[in-house]
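> Have a look; sequence and predicted model below, questions after that.
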Amino acid sequence: VRRQERFVADASHELRAPLTRMRSELEVDLARPELADPLATERSLLEETTGLQHLVEDLLHLARSDANTPLRPFVLVDLDDVVLRSARRLHDRARVDVDTRGVAAVQVHGDVAQLRRAVDNLLDNAERHARSTVAVTLHETHGRARLVVADDGIGIPPDQRERIFARFARIDDARSRDDGGSGLGLAITRDIAQRHGGEVHLSDAARTELVLELPAVTLP
């Protein structure tokens, strides 16, 4: 019950902030129509609405997970295709350089939509915190698919290394180029990994490296 109460309180807080900003913009435009810039307001509201949509989708994912809603039947997934698709998304946004030279062919069994979400979350997190470069490697070792997503940001303090996977967690603002997101991405990634028999953690490297490990399908 305490966990549900905290979740509702945190979710309400996260929803309140963008709604307040949207209402304020509309009230200012209505109060001073001669100074209003309708196109700028529309762009701003569209950005806020998109952020709200992503937040609601994250909240629904966690609610379904808490209710033990089953995933779709697992299928054979080319994890390297999922990773390269996500990397192309970052490359097209052109905010950081994306290095995928270390991505090898690896297959897993899983829910492809959920695996895409987990990989997207890892790369989006790295993009948000990187100074200039995100490096992605994928290989199979000892029957495990190992995806490593590294960024060249300022790193994560030792006392925050586990906290970053908690729901609504945020660390020092210095490690964020914007508002840091909702703090749900890595929590969702860990949930997806665990429901696929895997795990996600920080490596012991000097730079920030998030590691996703899943059971691999070894071809005969």
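It's in.

> Okay, strands next: where are they in the protein?
In the chain, strands defined by DSSP state E lie at 75-78, 97-103, 107-110, 133-141, 144-151, 199-202, 208-215, listed in chain order.

> what would the ones you listed look like in CSV with mean pLDDT, mean neighbour count and distance to A17?
From N, CA and C alone the C-beta is placed, and that goes for glycine too. Compiled in CSV, the strands of the chain are given as follows (pLDDT from 0 to 100; neighbours: other C-beta atoms under 10 Å; distance: least, C-beta to C-beta, whole Å):
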stretch, mean pLDDT, mean neighbour count, distance to A17
strand 75-78, 96, 14, 36
strand 97-103, 97, 15, 30
strand 107-110, 96, 21, 34
strand 133-141, 96, 19, 27
strand 144-151, 96, 22, 26
strand 199-202, 94, 17, 27
strand 208-215, 95, 20, 26
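
> need those strands in JSON lines with distance to R21, can you?
Formatted as JSON lines, the strands of the chain follow (distance: least, C-beta to C-beta, whole Å):
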{"stretch": "strand 75-78", "distance to R21": "38"}
{"stretch": "strand 97-103", "distance to R21": "31"}
{"stretch": "strand 107-110", "distance to R21": "37"}
{"stretch": "strand 133-141", "distance to R21": "29"}
{"stretch": "strand 144-151", "distance to R21": "28"}
{"stretch": "strand 199-202", "distance to R21": "32"}
{"stretch": "strand 208-215", "distance to R21": "30"}
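
> among those strands, which is nearest D58?
For those, proximity to D58 was assessed by C-beta to C-beta; strand 199-202 is nearest, at 15.9 Å.

> ok, V149 to L202 distance?
With distances taken as C-beta to C-beta, to the nearest Å, V149 is found 11 Å from L202.

> Residues in contact with both of these two, list them for me.
Each of E209, L210 lies in contact with both V149 and L202 under the rule C-beta atoms under 8 Å, 6 or more residues apart in numbering.

> The residue nearest to A187 when sequence neighbours are not counted: what's it in contact with?
Once flanking residues are discounted, A187 sits nearest to R167: 4.5 Å by C-beta to C-beta, 6 or more residues apart in numbering. By C-beta under 8 Å, 6+ apart, the contact set of R167 is F7, D10, L62, G183, L184, A187.

> Tell me the one of those residues nearest G51?
Among those, L184 lies closest to G51 (C-beta to C-beta), at 12.0 Å.

> For the closest one, give me phi and psi.
The phi/psi pair for L184 (degrees, to the nearest 10) reads phi -110, psi -20.
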